[in-house]
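**Student:** Below are the sequence and a predicted model for it; my questions follow.
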Amino acid sequence: MGSAEAPKDIYGAGKESGTLVSGEASVNISGHAALYGNVYGGGEKGTAGSSAVTLESGSSVTGNVFGGGNQADTTGTVKVDLQTDSKVAGYNETTGRVYGGPNNTGTVSGMITMNVAGSAVNVFGGGEGEGTSAAGGTSITLSPGAAVSVNVYGGGNAGSVTNTGIRLNGGSVLGNVFGGGNKAGADSTSVETSSAASVTGNIYGGSNDEGAITGTAAVTVTGNGSGAANIFGGGFGPKTSAAATSVTAASGSQFTGTLYGGGEQGSVANSQIILKDGSTVLDVFGGGSKADVTSSAVITADTDSGARNLYGGSINIKYRMVIDIYICDTAMNHQTNRCLIHCYFRIQRITWT
């Protein structure tokens, strides 16, 4: 459908404002169908009760895919499913993208759930424009067969999101993974890696260019890691920030990169790193790479965990902060950051200037 000269768009709901699909607006691209244009689960301007977009195995879209509408609301949930061997390709630098949310304006009130087992250039849990909102939160799962050639964002490009979640259960990402958005933040974020997934770049709990995580940005490493170069609790750019971060190496996990409680360039108020029994990592920094942790950094390492070096602060920044390091030979109460029985080594409340 469509040609290189005249792309055609597909909508699951109506054209004009005031129109309503009260049930689910569903768009299904069957196997081996090849479309040139954008695909919207919602309407151009009309409201959808809920929406779903499915790209079956073998199908392709040259353009963008939106779980929401163009300038329209979805009052319920959104589901986007890129099945194995499906493809979303680009014809310029702003296409080849898959969004859970709307394009220009509009709110998705319910949860956005995305499963990616096909290929795309970029994946966003939220919407494209500043006027978009994912009020019910987002959940992205990368499954075996997924191939993302640039980045994965739990949030939107510029649209607001409440809570985000990313599970890297398989596939590959050639760029970075961000719990937050590209030019927008979120209330809270969660990224979980696995040994079945490969990330060529870094994993960030925060956002890319700008945006604040007003709650906690969390990253958890499971299995044999994700192949990522480094993991940051905070964001990449200097205009990003996080009120709190939590980076956890789960029991038995292995990660060959470096863990940072802070951001690469984005500031963090309070950071926490937890190394569980049997986990191994390269180096651990309670702070960031080129960024401040302005309040406190806490590193908790169970005795059976392994790291080459533990640093309470950052690599390249001098700042004032309070650092707590706990290395425990018994169970740890991670809610209070205190050993339940005994800490055989403890450096508490060191102030760096």
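**Tutor:** Yep, that arrived.

**Student:** Only C-alpha atoms from now on, for both contacts and neighbour counts.
**Tutor:** Will do.

**Student:** worst-scoring helix or strand of the protein, pLDDT-wise?
**Tutor:** Counting by mean pLDDT, DSSP states H and E, the weakest-scoring helix or strand in the chain turns out to be strand 343-352, with a mean of 34.

**Student:** where does this protein have low pLDDT?
**Tutor:** By pLDDT under 70, the weakly predicted segments of the chain are 1-7, 225-226, 313-353.

**Student:** How about the contacts made by the closest residue to S143 other than its chain neighbours?
**Tutor:** Taking C-alpha to C-alpha, 6 or more residues apart in numbering, and ignoring the residues beside it in sequence, S143 has G170 as its nearest neighbour in space, at 4.5 Å. Applying C-alpha atoms under 8 Å, 6 or more residues apart in numbering, one finds that G170 lies in contact with 142-146, 194-198.

**Student:** Could you spell out the sheet neighbours of the helix or strand containing S190, each with its direction?
**Tutor:** Secondary-structure assignment from DSSP states H and E places S190 in strand 188-192. Taking DSSP bridges as the criterion, strand 188-192 forms sheet pairs with strand 163-168 (parallel), strand 210-221 (parallel).

**Student:** a markdown table please, covering those and showing mean neighbour count and distance to A229.
**Tutor:** Rendered in a markdown table, the data for the strands paired with strand 188-192 read as follows (neighbours: other C-alpha atoms under 10 Å; distance: least, C-alpha to C-alpha, whole Å):
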| stretch | mean neighbour count | distance to A229 |
| --- | --- | --- |
| strand 163-168 | 26 | 15 |
| strand 210-221 | 25 | 13 |
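
**Student:** Of all the ones you listed, which one is nearest I112?
**Tutor:** Relative to I112, the nearest member of those by C-alpha to C-alpha is strand 163-168, separated by 9.4 Å.

**Student:** how far does that closest one sit from the chain's center?
**Tutor:** The chain centroid and the centroid of strand 163-168 are separated by 5 Å, computed with C-alpha atoms, centre = their mean, to the nearest Å.

**Student:** Could you pull up the residues touching the nearest residue to A13 once chain neighbours are set aside?
**Tutor:** For A13, ignoring the flanking residues on the chain, the nearest one in space by C-alpha to C-alpha, 6+ apart is G43 at 3.9 Å. With contacts defined as C-alpha under 8 Å, 6+ apart, the neighbours of G43 are 11-15, 68-73.

**Student:** Repeat that for Y260.
**Tutor:** Remark: with contacts taken as C-alpha under 8 Å, 6+ apart, Y260 is in contact with 230-233, 247, 273, 284-289.

**Student:** Quickly name whichever of those residues is closest to T189.
**Tutor:** Minimum separation from T189 among these (C-alpha to C-alpha) is found for G233, which lies at 10.0 Å.

**Student:** just the helices in the stretch 251-353 of the chain please.
**Tutor:** Secondary structure of the stretch 251-353 of the chain, counting by DSSP state H, counting those that start in this stretch: no helices present.

**Student:** Just name whatever secondary elements the helix or strand harbouring V61 is in contact with.
**Tutor:** In this structure, V61 sits in strand 60-62 according to DSSP H and E. Using 3 or more C-alpha pairs under 8 Å, 6 or more residues apart in numbering; DSSP states H and E as the contact test, the elements touching strand 60-62 are strand 34-36, strand 87-89.

**Student:** Show residues contacting whichever helix or strand comes after it.
**Tutor:** Toward the C-terminal end, the helix or strand that comes next after strand 60-62 (DSSP H and E) is strand 65-66. Residues lying outside strand 65-66 but in contact with it, judged by C-alpha under 8 Å, 6+ apart, are 38-42, 53, 88, 96-103, 127.

**Student:** how close does the closest residue to G90 other than its chain neighbours sit to V21?
**Tutor:** Excluding the flanking residues, the one nearest G90 by C-alpha to C-alpha, 6+ apart is G96, at 3.8 Å. Using C-alpha to C-alpha, to the nearest Å, we find G96 at a distance of 27 Å from V21.

**Student:** would you put the C-alpha positions of the strand holding S190 in PDB?
**Tutor:** What follows is strand 188-192 as a C-alpha-only set of coordinates in PDB (Å, rounded to 0.1, in the frame of the first residue of the first chain):
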ATOM      1  CA  SER A 188       9.800   6.400  38.000                       C
ATOM      2  CA  THR A 189      11.600   4.000  35.700                       C
ATOM      3  CA  SER A 190      12.700   0.300  35.800                       C
ATOM      4  CA  VAL A 191      15.000  -1.500  33.500                       C
ATOM      5  CA  GLU A 192      15.800  -5.300  33.900                       C
END
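
**Student:** other SSEs contacting the helix or strand following that strand?
**Tutor:** Following the chain from strand 188-192 toward its C-terminal end, the next helix or strand by DSSP H and E is strand 197-199. For strand 197-199, the contact count by 3+ C-alpha pairs under 8 Å, 6+ apart identifies strand 171-173 as packing neighbours.
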